[in-house]
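In: let me see the structure of the following:
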Amino acid sequence: MHSHFIRFYLFILLAVFALFFSFSQLYQQFYAPPVQYNIPVEDVFAAHNSSNPAAFRFIKKANIQLSDDILAQINAEQTIAFAVNEQMYYLRNHDSERFIQWGPIALTPEPVDDNFMVLFFYSALAVVFLLLMWPMFRDLAYLQKCANEFGENQKPQPLTINKKSTVYPLAHALYTMSSRLVEFVELHRDLAKIIAHEVRTPLARMKFVLKRLEGNIEDKHLQRMRADIAELETLATDYMEFSRSQQLDQGYLQPLQLNTLLEVLSNKYQNLEIPVQFQTVADTKAIAANRAQLELALSNLINNSLRYANTRIQLSVEFDERQIWFHIDDDGPGFNAARQRTNNQGTTTGFGLGLYIVESIIKRHEGKLVKSQSPIGGARASIVLPLGLVN
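Out: Numbering: from 1, shown residues only. Modelled structure (predicted):
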């Protein structure tokens, strides 16, 4: 913010200086009167015998021809002025044989050296602009700091800006918005928890009743009811995971060893009907991530692949100079098979919310989710994280 202030301050100063300089030049060119000093000529001639350096010259009367009118004025002790080549001369009677001449005097006055006043004026103007602009930029810098802190830690920011400040309305709006946003996030998270907990109680009763009715209903209806209950349990679990995914505390991102993360996931998905293969990372690479949240995102994608895979699922990791990819591949129907596989909105139980959870977590890691065709014939879901998160 300080660099922005300096650039803006210099820009304003240069613009104002250029404007004043332009008007000054135009005024001097067209409107400014020449500087003149009124000094009695008689006083000048009276000082010709002193140390005054004025240019005096004696001219013999026999060497100059004057008209009768001018000669009469000189004889009456008057001073005659005449111009030659834009220079002024003054002539008067000195004695019976000589005239005395003063000159030449330039008709165009010499410019007055007012550089000091100009420098003082512009310096004072710069100080005035600094006093006017700095409080506003100081408050803007504080607002920027509050906005950055709110992005890292979602808590209402204190409103410490003076009410007389120019940016106080903006600060008040930011404070109100941050407070309401925090309330909304907390309500969103609490609502997900409440829904998940409230759904589990009737589900437990339904499972108990279904267990007692196993011998009294047809097997196809029994399997359908079990599938519906499992669907509701998955939905409740997704709501719980969604509630967990909304947490964004200070220190959200921490160094995480990739081999450790992959080992945890490998142990979690052992001995399944459809095997899940995990690639091992040769060296000890680490990323800055939230272990629980990233594990949750990868688990959601693996669980979705388990619904559609035919024979196998694999998780692989790739690096380049800018990014890291987590690829989850399966050999089921691809994402292009609209009637067989869910789209972004989710048409299969739980995956719509699961995908939302995944995307929410990835965004908080400043990454993205990419869906494409898998090299093993099915769908590929890739979590892409920027190199800035890789140590």
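In: which residues in the stretch 51-200 of the chain form strands?
Out: 56-60, 80-84, 87-93, 98-106 (DSSP state E, counting those that start in this stretch).
In: which of these sits closest to residue 156?
Out: With Cβ to Cβ as the criterion, residue 156 lies closest to strand 98-106 of the strands of the stretch 51-200 of the chain, at 74.8 Å. Placement of C-beta: from N, CA and C, glycine included.
In: and the closest one with strand 56-60, angle?
Out: Put simply, strand 98-106 runs at 140 degrees to strand 56-60, going by axes from the mean of the first three to the mean of the last three Cα atoms, to 10 degrees.
In: and strand 98-106, what other elements does it pack with?
Out: helix 41-46, strand 56-60, strand 87-93 (3 or more Cβ pairs under 8 Å, 6 or more residues apart in numbering; DSSP states H and E).
In: go again with 10 Å.
Out: When contacts are defined as 3 or more Cβ pairs under 10 Å, 6 or more residues apart in numbering; DSSP states H and E, strand 98-106 packs onto helix 41-46, strand 56-60, strand 80-84, strand 87-93.
In: most packed of the ones you listed?
Out: Using mean count of other Cβ atoms under 10 Å, the stretch among these with the greatest mean number of neighbours is strand 87-93 (a mean of 17).
In: pLDDT averaged over that one - what is it?
Out: The average pLDDT within strand 87-93 is 79.
In: starting at the chain centroid, how far to that strand?
Out: Taking the mean of its C-alpha atoms, strand 87-93 sits 73 Å from the chain's own mean (Cα atoms, centre = their mean, to the nearest Å).
In: paired strands for that strand, with orientation please.
Out: strand 80-84 (antiparallel), strand 98-106 (antiparallel) (DSSP bridges).
In: out of those strands, nearest to residue 301?
Out: strand 98-106 (91.6 Å).
In: residues of that closest one that come out buried?
Out: 99-104 (16 or more other Cβ atoms under 10 Å).
In: which residues of the stretch 201-350 of the chain score low on pLDDT?
Out: For the stretch 201-350 of the chain, applying pLDDT under 70 flags the ranges 241-251, 282-285, 337-350.
In: please, where are all the strands along it?
Out: With DSSP E, counting those that start in this stretch as the criterion, the stretch 201-350 of the chain has strands at 254-257, 276-278, 286-289, 313-319, 323-330.
In: so can I have a markdown table of the helices and strands packed on strand 98-106 showing distance to residue 129?
Out: Below are the helices and strands packed on strand 98-106 laid out as a markdown table (distance: least, Cβ to Cβ, whole Å):
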| stretch | distance to residue 129 |
| --- | --- |
| helix 41-46 | 48 |
| strand 56-60 | 53 |
| strand 80-84 | 48 |
| strand 87-93 | 46 |
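In: closest to residue 278 out of the ones you listed?
Out: Among those, strand 87-93 comes nearest to residue 278, with 101.8 Å by Cβ to Cβ.
In: okay, that closest one in PDB with CA atoms only?
Out: Below are the C-alpha coordinates for strand 87-93, written out as PDB (Å, rounded to 0.1, in the frame of the first residue of the first chain):
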ATOM      1  CA  GLN A  87      17.100  51.000 -27.100                       C
ATOM      2  CA  MET A  88      16.200  54.100 -25.300                       C
ATOM      3  CA  TYR A  89      18.400  57.200 -25.000                       C
ATOM      4  CA  TYR A  90      17.900  60.400 -22.800                       C
ATOM      5  CA  LEU A  91      19.400  63.800 -23.800                       C
ATOM      6  CA  ARG A  92      19.600  67.100 -22.000                       C
ATOM      7  CA  ASN A  93      21.600  70.300 -21.900                       C
END
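In: as JSON lines, the strands of the stretch 51-200 of the chain with distance to residue 264 would be great.
Out: Listed next are these as JSON lines, based on distance: least, Cβ to Cβ, whole Å:
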{"stretch": "strand 56-60", "distance to residue 264": "109"}
{"stretch": "strand 80-84", "distance to residue 264": "104"}
{"stretch": "strand 87-93", "distance to residue 264": "101"}
{"stretch": "strand 98-106", "distance to residue 264": "96"}
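In: wait, which of these is closest to residue 374?
Out: strand 98-106 (93.8 Å).
In: show me where the chain has helices.
Out: All helices of the chain, identified by DSSP state H, fall at 2-30, 41-46, 68-75, 115-152, 168-212, 219-245, 258-268, 291-308, 351-364.
In: tabulate those in CSV, adding columns for distance to residue 87.
Out: Shown next, in CSV, are these (distance: least, Cβ to Cβ, whole Å):
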stretch, distance to residue 87
helix 2-30, 23
helix 41-46, 15
helix 68-75, 19
helix 115-152, 28
helix 168-212, 66
helix 219-245, 92
helix 258-268, 93
helix 291-308, 91
helix 351-364, 83
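In: for residue 336, which of the ones you listed is the nearest?
Out: Nearest to residue 336, of those and by Cβ to Cβ, is helix 291-308 at 12.8 Å.
In: buried stuff in that closest one?
Out: 293-306, 308.
In: centre of the chain versus that helix, how much separation?
Out: Distance, centroid of helix 291-308 to centroid of chain: 35 Å (Cα atoms, centre = their mean).
In: from residue 75, how far off is the residue located most distally from the centre of the chain?
Out: Relative to the mean C-alpha coordinate of the chain, counting by Cα atoms, centre = their mean, the farthest residue is residue 96 (89.4 Å). As judged by Cβ to Cβ, to the nearest Å, residue 96 and residue 75 stand 11 Å apart.
In: residue 239 now?
Out: 121 Å.
In: so for these two, which residue has more residues nearby?
Out: With other Cβ atoms under 10 Å as the criterion, residue 239 and residue 75 differ in neighbour count, and residue 239 comes out ahead with 23 against 9.
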